[in-house]
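Visitor: Following is a predicted model, sequence given first.
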Amino acid sequence: MITLYTHATPNGQKASILLEELGLPYRCHALDLVERENLSSEYRRVSPIGKLPAILEQRPDGGTRRLFGSGAILQFYAEETGRLIPVDRNPRAEMLSWLALGISDLGPTALDMFRFSVRAPEKLTYAIDLFKGELIRCYQALEEQLADIDYLAGSYTIADIACFPFIAAARMVRESFFQRYPHLQAWHDRIAARPAVQRGMAMPAQPA
């Protein structure tokens, strides 16, 4: 059985979307970030620096396996099941590149933009402008990639899952802004219509 430690954030939603798409049985353990449950010694045995999502899996041989970080979770289960990941080398290389963009560029930049523009007690114009510019670079790259294809690597893969929750969150609060990215909007709507994505985005819906 897989236990997914998560919260209703874009990073957490990546993992639950993946598990729903793959049809893997799992239980959802919602972490209370206000109570700093993610920094408890118990949780840090699963995720060493207390970030989420993370997974603790009970293996058939009685042992356990941990995975922490959305990128590791996406790639591990895609490779283990042979799904949502291209077999051929060229599409796989393209998929890995967009996966890395979602994990290393789009996600962290979106989070930093939120921290400095919403949560910071002092609004630093330099930081806000910097991260806004970096986000626009990501949006423009996604828009150009999706001009002639339905998904980032041609077929639907973990690269799309890595990027989708951050685009969904941004579009929710800045819908008019995204009118300048019609291909990105169409991609968003295409993925949002998937039943597994809808279930994954709703997590954590059940109590821990």
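Guide: Structure received.

Visitor: Show me what whichever strand or helix holds Pro91 is packed up against.
Guide: Pro91 belongs to helix 89-100 when elements are defined using DSSP states H and E. Judged by 3 or more CB pairs under 8 Å, 6 or more residues apart in numbering; DSSP states H and E, helix 89-100 is in contact with helix 70-81, helix 158-173. From N, CA and C alone the C-beta is placed, and that goes for glycine too.

Visitor: Measure how far that helix is from the centre of its chain, please.
Guide: Centroid separation for helix 89-100 versus its chain: 16 Å, with CA atoms, centre = their mean, to the nearest Å.

Visitor: and it with helix 70-81, angle?
Guide: With axes from the mean of the first three to the mean of the last three CA atoms, to 10 degrees defining the directions, helix 89-100 sits at 150 degrees from helix 70-81.

Visitor: Give me the mean pLDDT for the very next helix or strand once past helix 89-100.
Guide: Toward the C-terminus, helix 89-100 is succeeded by helix 107-114 as the next helix or strand (DSSP H and E). In this model, helix 107-114 has an average pLDDT of 88.

Visitor: Please apply the same query to stretch 29-36.
Guide: 89.

Visitor: Contacts for it next, please.
Guide: Contacts of stretch 29-36 with the rest of the structure, by CB atoms under 8 Å, 6 or more residues apart in numbering, involve 3-8, 37-38, 43, 52, 204, 207-208.

Visitor: Let's see that with 7 Å instead.
Guide: By CB atoms under 7 Å, 6 or more residues apart in numbering, the surrounding residues in contact with stretch 29-36 are 3-7, 37-38, 43, 52, 204, 208.

Visitor: In strands, which of these appear?
Guide: Judged by DSSP state E, those include 3-6 as members of strands.

Visitor: what's the neighbour count on the nearest residue to Trp187 once chain neighbours are set aside?
Guide: Counting by CB to CB, 6 or more residues apart in numbering, Leu146 is the residue found nearest to Trp187 once chain neighbours are left out, at 4.9 Å. Using other CB atoms under 10 Å, the number of residues around Leu146 comes to 21.

Visitor: isn't Leu146 right next to His183, touching?
Guide: Yes. The criterion here is CB atoms under 7 Å, and Leu146 meets it with His183 at 4.1 Å.

Visitor: hey, what's in contact with both of those two?
Guide: Contacts common to Leu146 and His183, judged by CB under 7 Å, 6+ apart, are absent.

Visitor: which outside residues touch the longest helix seen in the chain?
Guide: Counting residues, the longest helix in the chain under DSSP state H turns out to be helix 125-145. Identification of contacts with helix 125-145 by CB under 7 Å, 6+ apart yields 101, 105-106, 109-110, 112-113, 116-117, 152, 163, 181, 183-184.
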